[in-house]
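Trainee: what shape does this take:
(chains A and B)
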Protein chains: 2
Amino acid sequence: MGPGPSDIHPRVLEALSRPTVGHLDPYYLRIMDELQSMLREVFCTKNRMTMAISGTGSAGQEATVLNLVEPGDRVLVCVNGVFGGRLADMAERAGGEVSKIERPWGEVFELREIEDALARIRPKVVAIVLAETSTGAWQPMNEICAPIHESGALLILDTVTALGGIPVELDAWHVDAAYSGTQKCLSCPPGLAPVSFSDRAVEKILKRREKVRSWYLDVSLIANYWGGDRVYHHTAPINMTYALHEALRLVLEEGLVECLVRHRLNHRALKAGLAALGIGYATQEGHQLYQLNAVRIPDGVDDATVRRALLERFGIEIGAGLGAFKGKVWRIGLMGYASRQSNALLLLAALEQLLAEQGYEFSHGAGVAAANKVYAAGC
Amino acid sequence: MGPGPSDIHPRVLEALSRPTVGHLDPYYLRIMDELQSMLREVFCTKNRMTMAISGTGSAGQEATVLNLVEPGDRVLVCVNGVFGGRLADMAERAGGEVSKIERPWGEVFELREIEDALARIRPKVVAIVLAETSTGAWQPMNEICAPIHESGALLILDTVTALGGIPVELDAWHVDAAYSGTQKCLSCPPGLAPVSFSDRAVEKILKRREKVRSWYLDVSLIANYWGGDRVYHHTAPINMTYALHEALRLVLEEGLVECLVRHRLNHRALKAGLAALGIGYATQEGHQLYQLNAVRIPDGVDDATVRRALLERFGIEIGAGLGAFKGKVWRIGLMGYASRQSNALLLLAALEQLLAEQGYEFSHGAGVAAANKVYAAGC
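Mentor: Residues are numbered from 1 along each chain as shown, chains lettered A, B, ... in the order given. Purely as a prediction, here's the structure:
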């Protein structure tokens, strides 16, 4: 129940340990095709160039940046947490002229700020994070996507923690390059990075004046293997592909909408339970992620003691705060297979016990009761 | 029995499917420490910066190049197959001024050629492949390593197919950066890249004037996670780390020397069996890898038909030729767990049946008999 890796579904662990076949074996090629098709469904896109990069989410992140940014390109990066900052670092390494706009940790960007920055900077590429894992902030995309698209800039969207937990609508939002991870709401171990590139992005990549600064992450080469030609690029991480394939099957068997609704319910129950214990969110109201709950550690409660006791006595991992939130915030994940009623209730019950040991005062049993009320209502 | 991924040991598949813990979980940190220590044993090195890059072998390859090569550095790349060519491509993307020396496919470099190139080019970095997977060629290092080291150049060594199959002696050869893959002689699925950097390499990396062109592959950042500080870089591929840990345990349980001797024995048996069928090697005599046997397809025998029948009727994958060897060569792997007497004998027996169907004339039973003679002698 940390910020990821989250709990892995047993069917995914089983798939992971299937015998390894060759990367050009007909069986494996079918798995790849199915994986691409399922990824398109989950990303809500028709993008042909939708596949998995052979690395963790950060490899997917850098793949979008290195391929879309050419040396000298003006890049606008929206920073309101760790992962926005990382996008800026990557864009600089790609040779981009990077301009940042910033929001305090836990807040999101508004339409006006984006429009101002577009007018002022006239970027070729804009990068923003949909679900900021370091702060629990959920960036609304419906309004800001149109002016970015109309400006002619290419839009890079971080969906690492988002995918499978909140709506991700690549085509509706005119996203040109999105990346995700497997170890958040897809209930799969880390090791692959789903990515998707729009036709507009592909056009820019094919017209690059200079080679991409990484051979391993050059998507025009990688796409020749995932596409019809099967040109050898590198040996794919076969077993991780089995696992992601099974993880996507699980999401679609449950139904993408049903999966998101489940994440919402467990979030609401946890939030109600924490509120009853007097624990509030560090994230702007109205923009709190279902799957990553960044909450303020109550005064007088020791961060490390509680986290260690949760792990050692209850087998529950929750995340520490990063950067500006270090020592002040816990990050509680309800992601994928871990987004379950039993998890939310157990955490609340365990927390009640540990908070009482720390001398923190609250109405005993109130957390679990409040959560159960949400579950009884079913929404 | 292709050029990799090779057969996975059952214990490694079991390790792969263990429950995923967090990347800062005390259990996981212990696994990482043990993995580093075992990797040093297998690489025959004391290098502190010895770890696994979160990607396949090619990611490790690019990590060594991107970190050691600064824009404008003169780089000497020795090319005698696909993977040398790839090193040159990567070095160019890193901003290096690349000079290549070449040998025909299947041949290796001699001391004189290396000395001449060092004097002529005066490179800051030299890159060479120990075990060329595309040709089966085994580059001797004992002689050429000294003049490279004495010239002051940093030496990058490709040990993807080598590690665990033939001797790899990083310290004795003064190697400054080596990379490998998990899916060859370590009997582990693809998905991690063991790497090791000498102190001299680390010194250069820390003194770089310009940031490494990839954030994901920046080893000075990655080493802060693998080292004592455990600074978060990216979410490690937890389950792949379990698998590599188990794979290294298997090599050391058998004994590194015993493991190499086993690879040699199965190679010699296969070679004797193939010779009895009139099938010779495409690789220079005296420089043929134990684990990757590149052999000439006999005249009149159809490449694709035989490979397809091996897969469909016997469940055996062997590799096609790449590049200059396309349609002319088969690449037969005897790697790691797949380097077994039963595999060598079954392949010879199956091949006899398929060659007979193709109208190829040979003394029936001769292949298996010749191989068995080697096994009876035990060397």
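Trainee: any idea how chain A splits into domains?
Mentor: A:10-254, A:256-377 (automatic domain parsing).
Trainee: now the terminal residues of the shortest one, how far apart.
Mentor: Between the opening and closing residues of domain A:256-377 lies a distance of 22 Å (C-alpha to C-alpha, to the nearest Å).
Trainee: pick the most buried one from the domains of chain A.
Mentor: domain A:10-254 (a mean of 22; mean count of other C-beta atoms under 10 Å in any protein chain shown). In this view, the C-beta of every residue, glycine as well, is placed from N, C-alpha and C.
Trainee: re earlier: how about the domains of chain A, which one is nearest B:His245?
Mentor: domain A:10-254 (14.4 Å; C-beta to C-beta).
Trainee: quick one: end-to-end distance for that closest one.
Mentor: 15 Å.
Trainee: related to what we said a few turns ago, right, and the domains of chain A - which one's nearest chain B?
Mentor: domain A:10-254 (3.6 Å; C-beta to the nearest C-beta).
Trainee: from the middle of its chain, how far away would that closest one be?
Mentor: 10 Å (C-alpha atoms, centre = their mean, to the nearest Å).
Trainee: just to revisit the earlier point, need the domains of chain A in TSV with distance to B:Ala369 and mean pLDDT, can you?
Mentor: Below are these laid out as TSV (distance: least, C-beta to C-beta, whole Å; pLDDT from 0 to 100):
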stretch	distance to B:Ala369	mean pLDDT
domain A:10-254	30	97
domain A:256-377	55	97
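Trainee: would CSV of those domains with distance to B:Met38 be doable?
Mentor: Compiled in CSV, these are given as follows (distance: least, C-beta to C-beta, whole Å):
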stretch, distance to B:Met38
domain A:10-254, 20
domain A:256-377, 26
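Trainee: want to throw these into CSV with distance to chain B?
Mentor: Rendered in CSV, the data for the domains of chain A read as follows (distance: least, C-beta to the nearest C-beta, whole Å):
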stretch, distance to chain B
domain A:10-254, 4
domain A:256-377, 5
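Trainee: select the longest helix from chain A.
Mentor: Ranked by residue count under DSSP state H, the longest helix found in chain A is helix A:256-276.
Trainee: packing partners for that one?
Mentor: strand A:292-296, helix A:341-357, helix A:366-377 (3 or more C-beta pairs under 8 Å, 6 or more residues apart in numbering or on different chains; DSSP states H and E).
Trainee: what does the second one contact?
Mentor: Translated: helix A:341-357. Applying C-beta atoms under 8 Å, 6 or more residues apart in numbering or on different chains, the contact partners of helix A:341-357 are A:1, A:266, A:269-270, A:273-274, A:277, A:298, A:301, A:305-306, A:309-310, A:313-314, A:316, A:318, A:332, A:334, A:362, A:364-365, A:367-368, A:371-372, A:375.
Trainee: among the helices and strands packed on helix A:256-276, which is nearest B:Leu130?
Mentor: Nearest of these to B:Leu130, taken as C-beta to C-beta: strand A:292-296 at 44.7 Å.
Trainee: quick one: list the elements packing against that closest one.
Mentor: helix A:256-276, strand A:329-333.
Trainee: quick check: what element follows it along the chain?
Mentor: Where DSSP states H and E defines the elements, the next helix or strand beyond strand A:292-296 is helix A:303-314.
Trainee: each with direction, which strands does whichever helix or strand comes after that following helix pair with?
Mentor: Counting by DSSP H and E, the next helix or strand C-terminal to helix A:303-314 is strand A:319-320. Next to strand A:319-320 in the sheet, as set by DSSP bridges, lie strand A:329-333 (antiparallel).
Trainee: which other residues reach the strand it pairs with?
Mentor: With contact meaning C-beta under 8 Å, 6+ apart, strand A:329-333 is reached by A:1-4, A:6, A:133-134, A:136, A:184, A:270, A:282, A:291-297, A:303, A:306-307, A:318-321, A:347.
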